[in-house]
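Enquirer: got a predicted model here, sequence first, then my questions.
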Amino acid sequence: MEVKLPPHEGPVLSVVDMHAGGEPLRVVWKGFPPLQGDTLLAKRRHAQESADHLRKVLMFEPRGHYDMYGALLVDSELREADVGVLFVHNAGYSTMCGHAVIALGRFAVDYGLVRAPASPETQVNIHCPCGLVKAFVEYSEGKTGAVRFHSVPAFAFATDVAVSVPGYGVVTVDISYGGAFYALVSAQTFGLDVSKSRTRDIVEAATAVTNAVKSQVKLHHPVSSDLAFLYGTILTDGKDEFTEEPTANVCVFADSQVDRSPTGSGVTARIALQYHKGLIQVNQKREFQSGVTGSIFTGKAVQETKCGNFPAVVVEVAGQAYYTGIASFVQETGDSLSNGFLLK
């Protein structure tokens with residue numbers, strides 16, 4: 001039986017759904033209106049100002065859910081980029097997303113966004129709002145596999161910052177950049193265990209830290225003011241010293257959204273912070289485990305560099321992404337809930 005779309009308003013939004021480490025990614029590859037701007041960051045601003053209703057259509061219920069995550073494929077001004085991308089979530093638009101880059105690496109090869117895939121790896125240059133990220137996709141006999149990527153310069157912004165957190169007192173946090181800024185603090189500070197405590201308790205503590213840092217710490221980025229915002233808080237198991245055992249964390253970002261994966265940009269930020277503190281060396285690979293799903297990403301610093309005046313490192317993060325479905329979304333005439341809603 002042929003499946004036909006009902007009478008509808010606006011464009012048909014075609015998506016491919018994936019996940020990496022359990023964190024969803026909705027790749028929006030057809031139907032989204034063209035975004036204006038000479039740069040990717042300008043397109044991001046245009047999306048915020050003129051197309052935000054479609055972000056809500058795709059991310060919110062009834063088509064998505066509170067913790068849905070998306071990637072809008074857009075044109076890049078960089079000649080070396082194979083694809084440009086804007087990252088979307090429940091509160092707006094991010095500047096970097098590692099689990100999405102892992103998924104997009106596979107997607108780009110499988111959907112012909114790169115020419116002549118090569119074995120054993122195919123390079124995919126992905127232009128993210130934070131800059132150009134190079135992904136390397138396992139490729140053999142027409143099949144894609146695991147993906148690793150090299151980050152933009154990542155750096156420790158500030159360490160041992162004392163912030164007053166309502167309900168918890170004065171808390172000492174580190175702030176690190178992995179394509180987006182994160183506050184990092186051991187869950188033990190709040191009497192929590194990232195792998196055993198209730199998700200609700202982790203979200204409450206992390207959100208309180210995020211709000212406190214936003215109100216008390218001024219962030220800046222050497223490249224662009226568009227990058228100078230706190231994306232979220234990562235609660236860790238406190239195991240920052242190098243060890244062969246995985247170190248676990250939970251990232252709470254945007255509007256109290258919980259990352260199911262170990263968080264690719266969070267792994268980048270944690271590696272940059274650990275390198276800054278002298279806890280790891282170049283090419284020392286660590287395993288990072290999601291406190292939510294138990295999934296694993298690996299990370300290591302592969303090169304020293306600079307970001308403005310900040311000593312920085314390029315971080316390699318690796319993981320596996322999987323396909324979960326394909327869909328076409330519409331807004332049917334007369335649907336009062338068509339624009340989307342959220343339940344916390």
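Expert: That came through, no problem.
Enquirer: please make it C-alpha for all contacts and neighbour counts, starting now.
Expert: Noted.
Enquirer: could you pull out the helices for this protein?
Expert: For the chain, applying DSSP state H gives helices covering 40-50, 52-59, 98-110, 199-216, 264-276.
Enquirer: what is the mean pLDDT for stretch 128-142?
Expert: Averaging pLDDT along stretch 128-142 yields 97.
Enquirer: again but with stretch 266-283, I slipped
Expert: Averaged over stretch 266-283, pLDDT sits at 98.
Enquirer: buried residues of it, list them for me.
Expert: If you call a residue buried by 16 or more other Cα atoms under 10 Å, then stretch 266-283 has these buried ones: 266-276, 280.
Enquirer: in TSV: the helices of the chain, plus distance to Ala180.
Expert: Listed next are the helices of the chain as TSV, based on distance: least, Cα to Cα, whole Å:
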stretch	distance to Ala180
helix 40-50	14
helix 52-59	20
helix 98-110	10
helix 199-216	13
helix 264-276	7
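Enquirer: nearest to His127, out of these?
Expert: Nearest of the helices of the chain to His127, taken as Cα to Cα: helix 40-50 at 8.0 Å.
Enquirer: burial count for the closest residue to Gly291 other than its chain neighbours?
Expert: Closest residue to Gly291 apart from its sequence neighbours, by Cα to Cα, 6 or more residues apart in numbering: Ser195 at 4.3 Å. Ser195: 20 surrounding residues under other Cα atoms under 10 Å.
Enquirer: quick one: find the helix or strand in this protein with the lowest mean pLDDT.
Expert: When the helices and strands of the chain are compared on mean pLDDT, DSSP states H and E, strand 8-20 comes out lowest with a mean of 93.
Enquirer: tell me the buried residues in that one?
Expert: Neighbour counts using 16+ other Cα under 10 Å place 12-20 of strand 8-20 among the buried residues.
Enquirer: just stretch 316-331 next, same as before
Expert: For stretch 316-331, burial by neighbour count (16+ other Cα under 10 Å) applies to 316-322, 329-331.
Enquirer: format those residues as TSV; extra columns: distance to Ala183 and pLDDT.
Expert: Listed next are the buried residues of stretch 316-331 as TSV, based on distance: Cα to Cα, whole Å; pLDDT from 0 to 100:
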residue	distance to Ala183	pLDDT
Glu316	20	99
Val317	19	99
Ala318	22	98
Gly319	23	98
Gln320	26	98
Ala321	26	98
Tyr322	29	98
Phe329	36	96
Val330	38	95
Gln331	38	94
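Enquirer: could you list which of those belong to strands?
Expert: 316-319, 321-322, 329-331 (DSSP state E).
Enquirer: how about low-confidence regions in the stretch 51-200 of the chain?
Expert: Applying pLDDT under 70 to the stretch 51-200 of the chain picks out no residues at all.
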